[in-house]
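# Return atomic coordinates for the entry below.
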Amino acid sequence: MAKTEDTYIGDGSTTSYQFTFPYIKEADVKVSKDDVVLDLTTHYTQATTSITFLTAPALDAAIRIYRDTDATGLAATFYPGSAIR
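Numbering: from 1, shown residues only. As a prediction, the model looks like this:
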């Protein structure tokens, strides 16, 4: 299975965290802290393979950076037995 998330534990001072999974749209990358989904630009900024919190997560905060791809409006539809080109 493809890797779709990276997890970290906050130390109270680090603001930048890397993620290692592929994505198509920037909107597919989500971030949560202690199981609360955060908003891009309100809580963090995003670069190609990293996010930077505007305020460092607290000591022992559970940080999850993950991909959440919208299943509607897919770029392609695959059917059993059909050829992939």
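# Now do the helices in this structure.
Assigned by DSSP state H, the chain shows no helices.
# What segments of it are strands?
5-9, 16-18, 29-33, 36-37, 44-46, 50-53, 62-67 (DSSP state E).
# Give the partner strands of the longest one in its sheet and their orientations.
Listed by DSSP bridges, the sheet partners of strand 62-67 and their directions read strand 5-9 (antiparallel), strand 29-33 (antiparallel).
# In CSV, list those along with mean neighbour count, mean pLDDT and distance to residue 41.
Any C-beta I mention is one placed from the backbone N, CA and C, and that applies to glycine too. Below are the strands paired with strand 62-67 laid out as CSV (neighbours: other CB atoms under 10 Å; pLDDT from 0 to 100; distance: least, CB to CB, whole Å):
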stretch, mean neighbour count, mean pLDDT, distance to residue 41
strand 5-9, 14, 97, 20
strand 29-33, 17, 96, 12
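# Dump the C-alpha coordinates for stretch 15-31 into PDB.
Presented in PDB, the C-alpha positions along stretch 15-31 are these (Å, rounded to 0.1, in the frame of the first residue of the first chain):
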ATOM      1  CA  THR A  15       7.500  24.600  13.200                       C
ATOM      2  CA  SER A  16       8.500  22.900   9.900                       C
ATOM      3  CA  TYR A  17       7.700  19.300   9.100                       C
ATOM      4  CA  GLN A  18       8.400  17.300   6.000                       C
ATOM      5  CA  PHE A  19       6.000  14.900   4.300                       C
ATOM      6  CA  THR A  20       7.000  12.100   2.000                       C
ATOM      7  CA  PHE A  21       3.800  11.000   0.100                       C
ATOM      8  CA  PRO A  22       2.800  12.100  -3.500                       C
ATOM      9  CA  TYR A  23      -0.300  14.200  -4.100                       C
ATOM     10  CA  ILE A  24      -1.900  15.800  -7.200                       C
ATOM     11  CA  LYS A  25      -3.500  18.900  -5.700                       C
ATOM     12  CA  GLU A  26      -2.300  21.000  -2.800                       C
ATOM     13  CA  ALA A  27      -5.800  20.800  -1.400                       C
ATOM     14  CA  ASP A  28      -5.400  17.000  -1.000                       C
ATOM     15  CA  VAL A  29      -2.800  17.500   1.800                       C
ATOM     16  CA  LYS A  30      -4.400  17.800   5.200                       C
ATOM     17  CA  VAL A  31      -2.900  18.500   8.600                       C
END
